[in-house]
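Student: the following comprises the amino acid sequence and a computationally predicted model.
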Number of protein chains: 2
Amino acid sequence: MFSIQQISDRLLEKDIKPSFQRIKIYDFLLKNNIHPNIEMIYNNLTKDIPTLSKTTIYNTLKNFEEKGLIISVNIDEKEIRYDARLITHGHFKCVKCGEIYDFDYNHDKLKIKGLPDFEIKKTDLNIKGVCPKCK
Amino acid sequence: MFSIQQISDRLLEKDIKPSFQRIKIYDFLLKNNIHPNIEMIYNNLTKDIPTLSKTTIYNTLKNFEEKGLIISVNIDEKEIRYDARLITHGHFKCVKCGEIYDFDYNHDKLKIKGLPDFEIKKTDLNIKGVCPKCK
């Protein structure tokens, strides 16, 4: 999907030094659209990078988010999940299996009323329910 | 707004025993549309009910939510806020002062694509940004 060089360039564009760990974390997010939490990233990358800690992953993701490289998905009070797909889309979380699915929606038709002088930074459309596999 | 009798009846409708503490907690949520967290409810009610604990508030709110009496607002990973207003509306959280504002939006026009056989239980539209007071 993306070469190491492309990922490295993308990090540099956002003023992030492309260290090996940062490249691997961003690469994982780009390749795996599973909206992973820190635990999932750790479990997948620790074989390749035995020195990786959860604190490093947390700080890296926080930095990525601040620079607008990824978004955090706060669909559940119990955990934060991360997503490298930046095109506007919603998230559906299955309350039974915990899987998170992307869906598209018509953002322009939201017709938000009551926020005339508010500066909008981030819009999240989150749905909880039961996925077809768990029904 | 609502009498103690009306609140008590509403709890009974939802199979919740209308204890004094439960009535006071629901009454507070109905009267104060500030989307309080557990801390805020505790600080406001502890003068009237010195025996009230945060655990009781937590358990009461969890029960209220399960019975469909209130909703939890997961707009931020750091805390859960609660809302007794059940008509579909979105939440705006100011990243500077932390205040949560309600807004209306056209839920029917969302045109969600990609969730054909999914059972939808709860939809949250959350916006983060800066409110006019903090701009």
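Tutor: Received the coordinates, thanks. Numbers count the residues shown, from 1 in each chain, chains lettered A, B, ... in the order given.
Student: switch to C-alpha atoms for all contacts and neighbour counts from now on
Tutor: Will do.
Student: count the residues that sit near A:N44.
Tutor: Residues near A:N44, counting by other Cα atoms under 10 Å in any protein chain shown, number 12.
Student: name the surrounding residues that touch the helix or strand hosting it.
Tutor: Assigned by DSSP states H and E, A:N44 falls within helix A:38-45. The contact list for helix A:38-45 (Cα atoms under 8 Å, 6 or more residues apart in numbering or on different chains) reads A:K24, A:I25, A:F28, A:L52, A:S53, A:K54, A:I57, A:Y58, A:I80, A:R81.
Student: ok, of the residues you listed, which come out buried?
Tutor: Among the contacts of helix A:38-45, those classed as buried by 16 or more other Cα atoms under 10 Å in any protein chain shown are A:K24, A:I25, A:F28, A:I57, A:I80, A:R81.
Student: now the residues you listed as TSV including secondary structure?
Tutor: As requested, the buried ones among the contacts of helix A:38-45 are exported to TSV (DSSP: H, G, I helix; E, B strand; the rest coil):
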residue	secondary structure
A:K24	helix
A:I25	helix
A:F28	helix
A:I57	helix
A:I80	strand
A:R81	strand
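Student: quick check: residues of chain A near chain B?
Tutor: Counting by Cα under 8 Å from any Cα of the partner chain, the residues of chain A close to chain B are A:74-77, A:79-80, A:102-107, A:109-115, A:117-132, A:135.
Student: domain map for chain A?
Tutor: According to automatic domain parsing, chain A comprises the domains A:4-83, A:90-129.
Student: format those as CSV; extra columns: mean pLDDT.
Tutor: Shown next, in CSV, are these (pLDDT from 0 to 100):
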stretch, mean pLDDT
domain A:4-83, 93
domain A:90-129, 87
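Student: same list (the ones you listed) but as JSON lines, adding distance to B:K14.
Tutor: As requested, the domains of chain A are exported to JSON lines (distance: least, Cα to Cα, whole Å):
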{"stretch": "domain A:4-83", "distance to B:K14": "24"}
{"stretch": "domain A:90-129", "distance to B:K14": "21"}
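Student: which other helices and strands does the longest strand along chain A contact?
Tutor: Longest strand of chain A, by residue count under DSSP state E: strand A:119-130. Under the contact definition 3 or more Cα pairs under 8 Å, 6 or more residues apart in numbering or on different chains; DSSP states H and E, strand A:119-130 sits against strand A:71-76, strand A:90-94, strand B:119-130.
Student: ok, residues contacting the first one?
Tutor: With Cα under 8 Å, 6+ apart as the contact definition, strand A:71-76 has outside contacts at A:35, A:65, A:80-86, A:91, A:93, A:124, A:126-127, B:74-77.
Student: quick check: which element contains A:P18?
Tutor: Counting by DSSP H and E, A:P18 is part of no helix or strand.
Student: my guess is A:K111 is in a strand, correct?
Tutor: No: per three-state DSSP, A:K111 lies outside any strand segment and is coil.
Student: roughly how far does the most centrally placed residue in chain A sit from A:F28?
Tutor: In chain A, the centroid-proximal residue (Cα atoms, centre = their mean) is A:D83; its distance is 1.7 Å. Going from A:D83 to A:F28 by Cα to Cα, to the nearest Å gives 10 Å.
Student: if we can go back for a sec, which phi and psi does the residue nearest to the centre of chain A have?
Tutor: phi -150, psi 130 (degrees, to the nearest 10).
Student: would you mind confirming that it is in contact with A:L69?
Tutor: No: here A:D83 lies out of contact with A:L69, judged by Cα atoms under 8 Å, at a distance of 9.2 Å.
Student: out of the helices and strands packed on strand A:119-130, which gets nearest to B:R10?
Tutor: Closest to B:R10 of the helices and strands packed on strand A:119-130, according to Cα to Cα: strand B:119-130, at 21.4 Å.
Student: and the closest one, what's buried?
Tutor: Applying 16+ other Cα under 10 Å to strand B:119-130 flags B:E119, B:T123, B:D124, B:L125, B:N126, B:I127, B:K128, B:G129, B:V130 as buried.
Student: do the same with stretch A:58-73
Tutor: Residues of stretch A:58-73 classed as buried: A:T60, A:L61, A:K62, A:F64, A:E65, A:L69, A:I70, A:I71, A:S72, A:V73 (neighbour count, 16+ other Cα under 10 Å).
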